[in-house]
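K.L.:
pasted the sequence and its predicted model underneath.
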Amino acid sequence: MNAYRLTSCQVRLCLLALLMLLVSGTSLLANSGGFRESIDGYPCGYHCKEPRPGDEVFMVSSRCAPGGCGWQLPVENLQVSQYVVGEGWKSIEWDAFVDMPSPGGLTSVYVHGNWMNTYWAERRGWEMYHELTRGLSMDQKVRHVIWSWPTQEEPHPLRTVREHAVRADADAFYLASYLMTLPPTEQVSLSAFSLGARVVTGACHLLGGGTLGGRVLPEHEPNEHGYRVVLLSAGVTYSAVYPTGRNGQAMEVIDRMYNAFNSADKILKHYRLATQRKGDEAAGYIGLSLASQQRQKVEQVNAANILGKEHSWDNIVCAFCLMERARDYLQWKEV
């Protein structure tokens with residue numbers, strides 16, 4: 001019988017082909033299961049439109065609602081859609097939305113960052129939903145709200161970022177106006193990436209009795225639990241929630257906050273160019289400046305060794321330790 005011996009080069013090529021086959025096979029299995037895998041093999045939240053039985057997923061859009069000047073904004077102009085399994089998104093009236101009872105006493109709102117059109121806002125909202133509910137008991141039903149606000153990409157990046165930062169204050173009013181309609185007994189968690197953090201801290205500031213852009217909220221019954229907040233690579237000034245900061249009354253209504261910042265972020269490194277304030281830094285770059293009485297409420301972690309230099313939502317949602325800790329806050333676990 002004739003023997004055929006593979007050369008060392010051929011052996012290496014065969015091993016490489018086998019490795020590629022295994023990797024592609026794993027990827028196919030991951031995709032077919034509704035999840036994609038990161039470098040370390042952790043299945044990241046994917047954008048499959050499959051809520052768990054009993055959960056509710058809404059998208060609230062302020063993209064057609066006005067911003068700008070004025071002490072009050074028309075909250076009733078917000079466009080609301082509910083995802084119905086087998087049918088897709090169905091529009092509902094604002095009054096019907098705020099009157100709907102909670103499915104399980106837990107509402108979580110996700111606010112996206114800059115340069116997001118409607119498609120990407122929805123996609124990232126679904127990714128956050130899957131991260132929120134990962135490992136959550138099926139007995140605990142969730143209302144997940146994707147907050148879609150006008151941050152689509154425009155031709156002049158720096159000018160656009162500045163315009164979106166101003167718009168964030170208007171959306172803070174819209175978000176706060178929604179949150180004040182929830183039952184006082186509802187457990188509420190808020191998560192935000194990048195510039196979305198300015199919307200969240202602004203909303204909490206308004207709920208705490210503060211003024212933002214000349215606007216205040218009408219009298220309302222406060223949430224008896226306070227709010228759980230998760231900020232990821234936050235595009236808001238480091239002094240925002242300090243008692244004398246622009247959102248200085250936010251911590252009055254925040255139960256606990258988790259701030260994952262990145263001191264290697266090459267975008268937030270230049271945050272002062274967006275604010276045009278000398279020496280200004282982003283909370284997502286150096287962390288939040290806090291008064292002594294605020295520190296017991298806030299956990300901060302520098303994730304530079306995990307996230308690297310990229311200002312990337314994909315890197316964050318695929319970072320196991322960051323999202324695992326974020327879930328503790330969003331699911332109202334003991335922290």
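P.N.:
Perfect, thanks for sending it.

K.L.:
how near is the residue nearest to residue 313 when sequence neighbours are not counted to residue 131?
P.N.:
Counting by C-beta to C-beta, 6 or more residues apart in numbering, residue 313 lies nearest to residue 193, which is 5.3 Å off, once chain neighbours are set aside. No exception for glycine: its C-beta is placed from N, CA and C like everyone else's. In this view, residue 193 and residue 131 are 12 Å apart by C-beta to C-beta, to the nearest Å.

K.L.:
more neighbours, those two?
P.N.:
Between residue 193 and residue 131, counting by other C-beta atoms under 10 Å, residue 193 is the more crowded of the two (27 against 23).

K.L.:
which residues does that one contact?
P.N.:
Contact analysis of residue 193 by C-beta atoms under 8 Å, 6 or more residues apart in numbering lists 111, 112, 113, 124, 232, 233, 313, 316.

K.L.:
surely the first one and residue 194 touch.
P.N.:
No - counting by C-beta atoms under 8 Å, residue 111 does not reach residue 194; the two are 9.4 Å apart.

K.L.:
host element of the residue nearest the centre of the chain?
P.N.:
Residue closest to the mean C-alpha point of the chain, counted by C-alpha atoms, centre = their mean, is residue 192 at 3.0 Å. Using DSSP states H and E, residue 192 maps to strand 187-193.

K.L.:
what is the very next helix or strand once past that strand packed up against?
P.N.:
Per DSSP H and E, the first helix or strand lying C-terminal to strand 187-193 is helix 196-207. Secondary-structure packing of helix 196-207 (3 or more C-beta pairs under 8 Å, 6 or more residues apart in numbering; DSSP states H and E): strand 106-111, helix 157-179, strand 187-193, strand 227-232.

K.L.:
now distance to residue 207 and mean pLDDT too, for these, in TSV please.
P.N.:
Output for the helices and strands packed on helix 196-207, formatted as TSV (distance: least, C-beta to C-beta, whole Å; pLDDT from 0 to 100):
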stretch	distance to residue 207	mean pLDDT
strand 106-111	13	98
helix 157-179	5	94
strand 187-193	10	98
strand 227-232	8	98
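
K.L.:
just send the ones you listed back as CSV, with distance to residue 140 too.
P.N.:
Formatted as CSV, the helices and strands packed on helix 196-207 follow (distance: least, C-beta to C-beta, whole Å):
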stretch, distance to residue 140
strand 106-111, 6
helix 157-179, 20
strand 187-193, 10
strand 227-232, 14
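
K.L.:
comparing these, which comes out most buried?
P.N.:
Looking across the helices and strands packed on helix 196-207 with neighbours counted as mean count of other C-beta atoms under 10 Å, the highest average goes to strand 227-232: a mean of 27.

K.L.:
and it, what does it pack against?
P.N.:
Secondary-structure packing of strand 227-232 (3+ C-beta pairs under 8 Å, 6+ apart): strand 187-193, helix 196-207, strand 254-261, helix 283-286, helix 320-330.

K.L.:
wait, which of those is closest to residue 148?
P.N.:
Closest of the helices and strands packed on strand 227-232 to residue 148 is helix 196-207, at 10.6 Å (criterion: C-beta to C-beta).

K.L.:
pull the CA atoms of stretch 270-290 into CSV?
P.N.:
These are the backbone C-alpha positions of stretch 270-290, laid out as CSV (Å, rounded to 0.1, in the frame of the first residue of the first chain):
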residue,chain,number,x,y,z
HIS,A,270,-11.8,65.3,23.8
TYR,A,271,-15.1,65.9,25.5
ARG,A,272,-14.2,69.6,26.3
LEU,A,273,-14.4,70.3,22.5
ALA,A,274,-18.1,69.5,22.6
THR,A,275,-18.9,71.5,25.7
GLN,A,276,-16.4,74.4,24.9
ARG,A,277,-15.6,74.6,28.5
LYS,A,278,-11.9,74.7,29.4
GLY,A,279,-10.9,71.8,31.6
ASP,A,280,-14.2,70.0,31.3
GLU,A,281,-14.1,66.2,31.4
ALA,A,282,-16.6,63.5,30.8
ALA,A,283,-17.9,61.3,33.6
GLY,A,284,-17.4,58.5,31.2
TYR,A,285,-13.6,59.3,31.0
ILE,A,286,-12.6,60.2,34.6
GLY,A,287,-15.6,59.3,36.6
LEU,A,288,-18.1,61.4,38.5
SER,A,289,-17.1,64.0,41.0
LEU,A,290,-19.1,63.3,44.2
